[in-house]
Structures are given as C-alpha cells and as structure tokens.
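**Q** 3D model of this:
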Amino acid sequence: MKIRPYDERDESGVVALWNEAFPNNPSWNDPATDIRRKLTVQRELFLVAEEGGRVIGTAMGGFDGHRGWVYSVAVRRSERRRGVGRALMEEVERRLKDLGCSKLNLQVRASNTEVVEFYRSLGFVVEDRVSMGKRFE
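**A** Residues are numbered from 1 along each chain as shown. Below you'll find the predicted structure:
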C-alpha cells in the first residue's frame, strides 16, 4: 500500500469509494464537487491510499493556522482492518504537525459507534462540544 497526495486520475476511484463508504451523505456532499473544492485549498493534504493501482482509502486534512481538521477518511469495506485507516491518519497528522498544527479535530456521527471506537484507538477523545453549522447553499 502506498499513501500519496491525490491526483486528478484518482477521481473515479475516490468517487466510487466515497459512495460506498458514505452511502447516506446528504446531497450537498457530492463527491465530485467536494474533490474540486478541496483541490483549490491545501491539495497536498488530500491523501489517497493506493494498492495495485486502485484507490482503497482517502483522508483530507485542513489547517487554518490554529486548528487542524480531518475529513473524508474512508477505506473500502474489503480493505478494512488492515491498517489502511490508521496509516492514512498517521500521514495526515504528520503533515499537519509539519505545518505547526497543535490540535486536530474531527467530527463523527454519534450513531457511528464503530468509527468512534476506531478514533478512540488512535488517541482521540470525545469532547464536550456542541457542533454547529451553517449552509451557504
């Protein structure tokens, strides 16, 4: 397995992976649109795990100079429990630390207990926060 920055040739593989990994995403989370948006800002933090020429995982990071965020961590079902997600997280964390990031945030749907436990195993803790958002669309 190789972890590397996203390349435009990865688009169909990433779209297919995200459709598999996030089947209930709302309509405003269109994979192709999200990819295009990410490529305009810190594209070096958009990572792909590849094996045998096939996209098997992704992670997107972002850093605002204060806090880091990670999004769209996804691993093909057939590749889970092989360390792909852990390796992606380690690489995005390394890149964010290199930028001066001292705290990494992520959001997980509360109902996704398996993913919450995955992040706990990586040292994340559930913080007492209220997550708020505002759509511009």
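**Q** And the contacts of the longest strand anywhere in the chain?
**A** Assignment by DSSP state E gives strand 54-63 as the longest strand of the chain. Here strand 54-63 makes contact (C-beta atoms under 8 Å, 6 or more residues apart in numbering) with 1, 6, 10, 13-14, 16-18, 38, 41-42, 45-50, 68-76, 79, 84-85, 88-89, 91-92, 95-96, 99-101. C-beta: built from backbone N, CA, C; applies to glycine.
**Q** Identify the residues contacting residue 41.
**A** residue 62.
**Q** Now it: which helix or strand?
**A** Assigned by DSSP states H and E, residue 41 belongs to neither a helix nor a strand.
**Q** Quick check: phi and psi on it?
**A** phi -140, psi 120 (degrees, to the nearest 10).
**Q** Residue 109 now?
**A** Residue torsions, per degrees, to the nearest 10, at residue 109 are phi -60, psi 130.
**Q** count of residues packed around it?
**A** Neighbours of residue 109 under the rule other C-beta atoms under 10 Å: 9.
**Q** show me the residues around it that make contact.
**A** Residues in contact with residue 109, defined by C-beta under 8 Å, 6+ apart, are residue 115.
**Q** for the chain, what are the low-confidence residue spans?
**A** 137 (pLDDT under 70).
**Q** Bridged to residue 75, which residues?
**A** residue 57 (DSSP bridges).
**Q** Can you get me a residue count around it?
**A** 24.
**Q** Strands along this structure, start to end?
**A** Counting by DSSP E, one finds strands in the chain at the ranges 2-5, 46-51, 54-63, 68-75, 104-105.
**Q** Could I get those in TSV, plus columns for distance to residue 23?
**A** Formatted as TSV, the strands of the chain follow (distance: least, C-beta to C-beta, whole Å):
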stretch	distance to residue 23
strand 2-5	24
strand 46-51	20
strand 54-63	15
strand 68-75	11
strand 104-105	24
